[in-house]
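> Provide a 3D model corresponding to the input given below.
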Amino acid sequence: MKSTFVLLSMLAALSANIPAFAAPDTNSSSVKIDGDTKVSTIDGVAGIANESGNILELKDGELSLNGTVVYKKKGMLKVRLVHKDATFSLTVDGKNVPLPNIKPAPALT
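Here you go, the predicted structure:
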């Protein structure tokens, strides 16, 4: 009986030192520039993209643009903000979302 207790104690101590395998990080955010078009993306459940002073943030199931919540949904989202010339468009999971508070990029001189 004593040897069984010692063996179980040793196994418990060994298993405590084995690192737990965490789920892979499935969140990503990026800003890509293709000519005069800038594309900001967030894929996952959280992320931030800053494009021309416009801050797009996904956190706790809320997507906000410059501090204003523009979309709510729990779970993984595919967010895409496209800025071309003076126009912006936002899509979430392939659906267009209306935009408030968009600041045009400052002119380069």
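
> and S28, bridged to which residues?
Beta-bridge partners recorded for S28 (DSSP bridges): D43.

> shaky segments in the protein?
1-26, 101-109 (pLDDT under 70).

> what ranges do the helices span in it?
2-16 (DSSP state H).

> Now do the strands for this structure: every range, in order, please.
28-34, 37-44, 47-51, 54-59, 62-65, 68-72, 77-84, 87-92, 95-97 (DSSP state E).

> which residues touch the third one?
For strand 47-51, contacts defined as C-beta atoms under 8 Å, 6 or more residues apart in numbering pick out 27-31, 38, 40-42, 55-58, 79, 81, 83. Glycine gets a C-beta too; all of them are placed from N, C-alpha and C.

> Strand 54-59 and that strand, what's the angle between them?
Here the directions of strand 47-51 and strand 54-59 differ by 170 degrees (axes from the mean of the first three to the mean of the last three C-alpha atoms, to 10 degrees).

> Same check on the second one?
For strand 37-44 against strand 54-59, the angle by the same axes, to 10 degrees is 10 degrees.

> relative to strand 77-84, how tilted is strand 37-44?
170 degrees.

> With the fourth one instead?
Counting by the same axes, to 10 degrees, strand 54-59 lies at 180 degrees to strand 77-84.

> so what does strand 54-59 touch, helix or strand wise?
strand 37-44, strand 47-51, strand 62-65, strand 77-84 (3 or more C-beta pairs under 8 Å, 6 or more residues apart in numbering; DSSP states H and E).

> okay, the ones you listed in CSV with mean neighbour count and distance to N96 next?
As requested, the helices and strands packed on strand 54-59 are exported to CSV (neighbours: other C-beta atoms under 10 Å; distance: least, C-beta to C-beta, whole Å):
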stretch, mean neighbour count, distance to N96
strand 37-44, 18, 15
strand 47-51, 17, 18
strand 62-65, 18, 13
strand 77-84, 18, 10
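
> Right, I'll call it a day here.
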